[in-house]
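**Student:** Quick one, structure for this:
(one chain, ligands or ions: 1)
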Amino acid sequence: MSLLEIRNLKVEFDTAKGPFKALDGVDYAVDAGEVLAIVGESGSGKSVAMLATMGLLPNTATITADKMEFEGLDLRTLSAKERRRVIGKDISMIFQEPIASLNPCFTVGFQLSETLKTHMGLKGRKARDRVVEILTSVGIPNPAERLSAFPHQMSGGQCQRVMIAMAIACAPKLLIADEPTTALDVTIQKQILDLLVKLQQDSGMGLIMITHDMGVVAETADRVIVQYKGRKMEEADVLSLFENPKNPYTKALLSALPENATGDRLPTVSDFAEAGGF
Ligand SMILES: Nc1ncnc2c1ncn2[C@@H]1O[C@H](COP(=O)(O)OP(=O)(O)OP(=O)(O)O)[C@@H](O)[C@H]1O
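**Tutor:** Numbering: from 1, shown residues only. Have a look, this model is predicted:
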């Protein structure tokens, strides 16, 4: 049994211009200890798929799936109370904009201890000690002193470390990272990716990495799902995908990498669209 198994997920938004199909029948599965990358250009429905899984889409979204199970638990039929027990604890998520994801009005220490209080019942000294321990594990220097810092007093990279700390505080079985390094500068991106992979390997949790960056896929993933316009184009283990991409869209994505450039102009995905038929 997979840790997370989703079959035929469809998401449609009710918009002012009429219904908009953001996801059209995609399957996802991830096992414990596995890193699944979902890759595709902006608008391909990567975030929508995972937000649907977390139950975080607005009520303008109609979500249907033949199966949506976490450890055999049907996520489609969970009550709000049951959902709160799973989401944020067993399944947690980190987002692209670390500063926007943290509450600017509360200190880092307070926000982390609230997570521990809500999901683990830890309070006082025990919570504080655990917060220091988690901040140490995500590489925050002088963690005991940083407890009283507000998010705006930390750099983007440090805020993302705090977000990761918050996401792993309750030892989740599945972590969903939605473009976790996109908003950070290049030198910090690599450190954050290395940190995520290390935490994933140490804990054995499943990790879903949402990205538009094939470099991130190559560095982190065991298996890859390539998505385009709300549909799955290809799914393969990471080596096969890079060595022998089958789908024209995957080939287009790989050809658009600077290191694969051959002529004097870097090809774009749209150069392949008509010929490739996607
Ligand atoms: N609340 C919403 N209402 C209407 N349309 C939405 C809503 N949220 C997302 N969409 C649309 O659904 C499609 C998929 O969005 P999604 O955010 O999943 O893309 P993505 O692949 O994650 O791209 P990005 O990398 O830019 O986040 C997009 O066309 C987006 O505009």
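
**Student:** what's near enough to touch Val216?
**Tutor:** Residues near Val216 by C-beta atoms under 8 Å, 6 or more residues apart in numbering: 37, 181, 193, 209. For the C-beta atoms, the positions are set from N, CA and C on the backbone; glycine is no exception.

**Student:** out of those, which is most surrounded?
**Tutor:** Neighbour tally across these (other C-beta atoms under 10 Å): the maximum, 28 neighbours, falls on Met209.

**Student:** Quick check: neighbours of the helix or strand encompassing it in the sheet, parallel or antiparallel?
**Tutor:** Assigned by DSSP states H and E, Met209 belongs to strand 206-211. When pairs are called by DSSP bridges, strand 206-211 turns out to pair with strand 35-39 (parallel), strand 174-178 (parallel).

**Student:** Let me know whether the first one sits next to the ligand.
**Tutor:** Read it as strand 35-39. No: using C-beta under 6 Å from any ligand atom, strand 35-39 never reaches the ligand; the gap is at least 8.3 Å.

**Student:** Give the next helix or strand downstream of that strand.
**Tutor:** Per DSSP H and E, the first helix or strand lying C-terminal to strand 35-39 is helix 46-54.

**Student:** same for that following helix, what does it pack against?
**Tutor:** strand 4-15, strand 18-30, strand 35-39, strand 61-64, strand 91-94, strand 174-178, strand 206-211 (3 or more C-beta pairs under 8 Å, 6 or more residues apart in numbering; DSSP states H and E).

**Student:** Which residues does the longest one contact?
**Tutor:** Under the criterion C-beta under 8 Å, 6+ apart, residues 2-13, 36, 38, 45, 48-49, 52-53, 61, 174, 206-208, 225, 227, 230-232 lie in contact with strand 18-30.

**Student:** and the residues you listed, which are buried?
**Tutor:** 2-6, 9-13, 36, 38, 45, 48-49, 52-53, 61, 174, 206-208, 225, 227, 230-232 (16 or more other C-beta atoms under 10 Å).

**Student:** what number of residues lie near Arg84?
**Tutor:** Around Arg84 there are 14 residues (other C-beta under 10 Å).

**Student:** tell me which residues in stretch 240-247 are buried?
**Tutor:** Judged by neighbour count (16+ other C-beta under 10 Å), stretch 240-247 contains these buried residues: 241-242, 245, 247.
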